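*Asks:* Just need the structure, nothing else, for what follows:
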Amino acid sequence: MGSNTIGRDAGTTQHVLDAIRRIVQTLRESSRLAERRLGLTGAQLFVLHKIAENPGSSVNELAAHTHTHQSSVSAVITRLVEQGLVQRAASNSDGRRVELTLSSHGRRAAARAPDPAQARLVDAIEQLAPARRRQLAAALGEVANALTGDAGAPAMFFEERRGRRRGARQ
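*Replies:* Predicted coordinates:
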């Protein structure tokens, strides 16, 4: 009974883990590049990119564009506003609606920004057939729940939550 009996699907498990590693490494490298070039996290770059593509979006619309919970997107937007990259303004047509646009500083940053890996990840997932996307969502959801036991809204990739020190693990 050698190592071949450890599991018939050990190779499949390795392939899954290798794919996850490649995705995480790509996201991490993209985030590091954004931090070096622009002083932004990967999440901030992704949101900046989506606002550039969809000027005048509300926070809820931007959450839909980024496939992220509204509270996570809102936290990232707050940081971008604080940095002078994004502006909030009441809509001309509906005073209750707040629209997000890039400031001139934000437009310059977006123009020199590297392509966000998160955007490529979303595109790759959306290229899957709907049935495959549902299978992937179900399988990854099961793995995430088993790993974290938490079904709450996660922060965006490589975006620190307020109150956590830099370098703290998430």
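*Asks:* Show me which residues of the longest helix along the chain are buried.
*Replies:* Looking across the chain with DSSP state H, the single longest helix is helix 10-38. Buried residues in helix 10-38, counted by 16 or more other Cβ atoms under 10 Å: 27, 30-31, 33-34, 38. The way it works is simple: take the backbone N, C-alpha and C, and place the C-beta from them, glycine included.
*Asks:* Flag the shaky bits of the chain, pLDDT-wise.
*Replies:* Applying pLDDT under 70 to the chain picks out residues 1-8, 151, 160-170.
*Asks:* where do the strands sit along it?
*Replies:* Along the chain, counting by DSSP state E, strands occupy 86-90, 98-102.
*Asks:* Of those strands, flag the one that's most buried.
*Replies:* strand 98-102 (a mean of 19; mean count of other Cβ atoms under 10 Å).
*Asks:* who does it touch, helix- and strand-wise?
*Replies:* helix 42-53, helix 59-66, strand 86-90 (3 or more Cβ pairs under 8 Å, 6 or more residues apart in numbering; DSSP states H and E).
*Asks:* Please repeat the previous calculation with a cut-off of 6 Å.
*Replies:* helix 42-53, strand 86-90 (3 or more Cβ pairs under 6 Å, 6 or more residues apart in numbering; DSSP states H and E).
*Asks:* what's the distance between the shortest one and the middle of its chain?
*Replies:* In this case it means strand 86-90. Here strand 86-90 is found 21 Å from its chain centre; the criterion is Cα atoms, centre = their mean, to the nearest Å.
*Asks:* before we move on, what about the first one?
*Replies:* Helix 42-53 has its C-alpha centroid displaced from the chain centroid by 9 Å (Cα atoms, centre = their mean).
*Asks:* Also stretch 87-100?
*Replies:* From the chain centre to the centre of stretch 87-100 is a distance of 24 Å (Cα atoms, centre = their mean).
*Asks:* For it, output the C-alpha coordinates as PDB.
*Replies:* Output of stretch 87-100 as PDB, limited to C-alpha atoms (Å, rounded to 0.1, in the frame of the first residue of the first chain):
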ATOM      1  CA  GLN A  87     -15.600  62.400  -6.900                       C
ATOM      2  CA  ARG A  88     -19.100  61.900  -5.500                       C
ATOM      3  CA  ALA A  89     -21.800  64.200  -6.800                       C
ATOM      4  CA  ALA A  90     -25.600  64.300  -6.600                       C
ATOM      5  CA  SER A  91     -27.200  63.300  -9.900                       C
ATOM      6  CA  ASN A  92     -28.800  66.100 -11.900                       C
ATOM      7  CA  SER A  93     -31.800  64.000 -12.600                       C
ATOM      8  CA  ASP A  94     -32.300  62.500  -9.100                       C
ATOM      9  CA  GLY A  95     -31.000  64.300  -6.100                       C
ATOM     10  CA  ARG A  96     -31.100  61.200  -4.000                       C
ATOM     11  CA  ARG A  97     -28.700  59.400  -6.300                       C
ATOM     12  CA  VAL A  98     -24.900  59.800  -5.800                       C
ATOM     13  CA  GLU A  99     -22.900  59.400  -9.000                       C
ATOM     14  CA  LEU A 100     -19.200  58.500  -9.000                       C
END
